[in-house]
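Trainee: here is my input; please provide its structure:
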Amino acid sequence: MTYTAIIIGTGISGICMAIKLKEKGIHDFLLLEKATDIGGTWRENTYPGAECDIPSALYSFSFEPYPDWEYKWSHQPQILEYLQQVVMKYDLRKHIHFQKEMLSAKWQEEEKLWSVQTKDKTRYAGKSLISAVGQLHHPSTPNFKGKDLFKGASFHSAQWDHTVPLTGKTVGVIGNAASAVQFIPEIAQTAKEVVVFQRSANWMLPKQDRLYKEWEKKLVKRVPFLLKIYRTRLWLTGGGLFLVMKNKNNWLRKALQKKSIDYIKEHITDPAIVKKLTPEYPLGAKRVLFSDNYYAALSQPNVTLATGGVQKITETGVISGEGTEAKVDVLIYSTGFKTNPFFRGLDISGKNGQTIKETWKKSPENYLGISVHGFPNLFMLYGPNTNLGHNSIILMSEAQANYITQCIDGLQKNNWQSLEVKKTVMQDYYKNTQERLKNMIWAVIEDSWYKSADGNLPNNYPGRTMEYIRITKKVDFDAYEVT
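Mentor: This next block holds a predicted model:
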């Protein structure tokens, strides 16, 4: 069987893509999922305290509002539950092939089809191939000196080992970014001691999270329009935060930096520790974190902060950059993800056998984060230069899914065999994107996952979400070579 589209992944973007195809009357599509259930990052990340750093009302599909969120900032179990409900409502499971991890995809020029092979050697054929694999997909564990010597239990926070007991143990945590600030307060409640190994400080603001009151839930159920108004307000607030992402507006940045430092001082009285927790780079250059309880956890007597990163790992502990060794029973790596190169571990070949790895050897040139010259009928969700530092990524996924659906609908209605973005169009778009990114705060420091080795910024989008929604609202087929 030849499918109209093959979607790789059943996370938020893959689910959204499938729904948009069905809304357009396209039903002969397939979703390939490597795991035994849907959910993407919200299935994988099960560490204690896992939650979203985007408010719940905005971290949901615009076409599928959810009045039953328990918290203002939703927790992992309920996000996964929400996605499962959406999959059930739109009857998507019949389109999903589970435990089918894609290994390779090759464009067949004569047939104008994508040939996809999975890890178990199953082959599929599709007129279009849609990647929904995401950017935060491969956990990164740096090769610290002596890492293999450690004799205790160790694991990455994105691959949490729930069989390892932490109660009464001394736990070492390497890393202090988005995941770590969520689980450290949780494990500190039962661990004998927690040692946090910090390489560099992060700017952090209070979340001000809380449970929704029952009357609030009942009200938005009776008057759904109120939820739309609230969602719009959150969206506009995120758009306002975009101002901090520009390498200007220092008055606003300084105000937020002062708020962050004041927040530290609410919980930490030692000036030396306050200094260690205060970043030396401008707010926004790295991901801004949100937490209501991280600094409170650091102030507890059983939590220790070790700075300077990791010098060496021993059989029984970790030597920090300060030269002090801490003995630990369990070691947790909260060291982020490998985001670049994109499509890591996937063998994708386009026209003339050219691989995406070769094409993106220098930089991941793209058009709208959706298309790549040389790869007809290949579309991406959450591709290069579509990440955000100020708003909900679901807004971007919906815009991309709408755009890709138009492309596939155009292929069908016009009896076209393939769409391939013109090389000059792609190059001009990418060049303009990188030029704009040079004026963003993300460009001012070298030590950031936003920046690649060549100095470009391959992950983030340089504008507001409303701009991206506008430019992807209608496909300009003149930008494509049509067969």
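Trainee: residue 438: how many residues sit nearby?
Mentor: A total of 14 residues lie near residue 438 under the criterion other Cβ atoms under 10 Å. C-beta: built from backbone N, CA, C; applies to glycine.
Trainee: so what pLDDT did it get?
Mentor: On the pLDDT scale, residue 438 is placed at 92.
Trainee: with residue 456 instead?
Mentor: Residue 456 is given a pLDDT of 83.
Trainee: what's the separation between it and residue 435?
Mentor: 11 Å (Cβ to Cβ, to the nearest Å).
Trainee: again, but for residue 117
Mentor: 39 Å.
Trainee: out of these two, which sits in the busier spot?
Mentor: residue 117 (16 against 10).
Trainee: how about the more buried one, nearest residue that isn't a chain neighbour?
Mentor: residue 104 (4.9 Å; Cβ to Cβ, 6 or more residues apart in numbering).
Trainee: what is the burial count for the one you found?
Mentor: Residues near residue 104, counting by other Cβ under 10 Å: 15.
Trainee: I'd like the numbering to begin with 70 instead of 1 from here.
Mentor: Got it, first residue is 70 now, which makes that one residue 173.
Trainee: what secondary structure does it sit in?
Mentor: Under DSSP: H, G, I helix; E, B strand; the rest coil, residue 173 falls in the strand class.
Trainee: look at residue 159 and say how many residues are nearby.
Mentor: Count around residue 159 with other Cβ under 10 Å applied: 15.
Trainee: show me the contacts for it.
Mentor: 87, 88, 91 (Cβ atoms under 8 Å, 6 or more residues apart in numbering).
Trainee: in what helix or strand does residue 388 lie?
Mentor: Residue 388 belongs to strand 386-389 when assigned by DSSP states H and E.
Trainee: report all helices and strands that that strand contacts.
Mentor: strand 239-243, strand 262-267, strand 372-376, strand 379-382, strand 394-396 (3 or more Cβ pairs under 8 Å, 6 or more residues apart in numbering; DSSP states H and E).
Trainee: tilt between the second one and strand 239-243?
Mentor: An angle of 10 degrees separates the directions of strand 262-267 and strand 239-243 when computed by axes from the mean of the first three to the mean of the last three Cα atoms, to 10 degrees.
Trainee: just want the angle from strand 262-267 to strand 372-376.
Mentor: Using the same axes, to 10 degrees, strand 262-267 lies at 20 degrees relative to strand 372-376.
Trainee: helices and strands around the helix or strand following strand 262-267, which ones?
Mentor: Later in the chain than strand 262-267, the nearest helix or strand by DSSP H and E is strand 273-274. Applying 3+ Cβ pairs under 8 Å, 6+ apart, one finds that strand 273-274 contacts helix 319-336, strand 358-359.
Trainee: what's the first helix or strand after strand 273-274?
Mentor: helix 283-291.
Trainee: mean confidence score for that next one?
Mentor: Averaging pLDDT residue by residue across helix 283-291 gives 95.
Trainee: quick check: buried residues in that helix?
Mentor: residue 289 (16 or more other Cβ atoms under 10 Å).
Trainee: which element follows it toward the C-terminus?
Mentor: Following helix 283-291 in sequence, per DSSP H and E, is helix 293-314.
Trainee: CA atoms of that following helix as CSV?
Mentor: C-alpha atoms of helix 293-314 as CSV (Å, rounded to 0.1, in the frame of the first residue of the first chain):
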residue,chain,number,x,y,z
PRO,A,293,-16.0,28.4,26.9
PHE,A,294,-15.3,31.9,25.5
LEU,A,295,-13.6,32.9,28.7
LEU,A,296,-10.9,30.2,28.2
LYS,A,297,-10.3,31.6,24.7
ILE,A,298,-9.8,35.1,26.2
TYR,A,299,-7.5,33.8,28.9
ARG,A,300,-5.5,31.9,26.2
THR,A,301,-5.2,35.0,24.0
ARG,A,302,-4.0,37.0,27.0
LEU,A,303,-1.3,34.4,27.7
TRP,A,304,-0.3,34.4,24.0
LEU,A,305,0.0,38.2,23.9
THR,A,306,2.1,38.1,27.2
GLY,A,307,4.5,35.7,25.5
GLY,A,308,4.6,38.0,22.5
GLY,A,309,5.6,40.8,25.0
LEU,A,310,8.4,38.6,26.4
PHE,A,311,9.8,38.4,22.9
LEU,A,312,11.0,42.0,23.4
VAL,A,313,13.5,40.6,25.9
MET,A,314,14.8,38.2,23.3
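Trainee: other residues contacting it?
Mentor: Outside helix 293-314, the residues that touch it by Cβ under 8 Å, 6+ apart are 123-124, 126-127, 131, 134, 136, 288-289, 318, 321-322, 325, 352-353, 357, 458-461, 464, 509-511, 532-535.
Trainee: ok, now with 6 Å
Mentor: 124, 126-127, 134, 289, 318, 321-322, 353, 458-460, 509-510, 533 (Cβ atoms under 6 Å, 6 or more residues apart in numbering).
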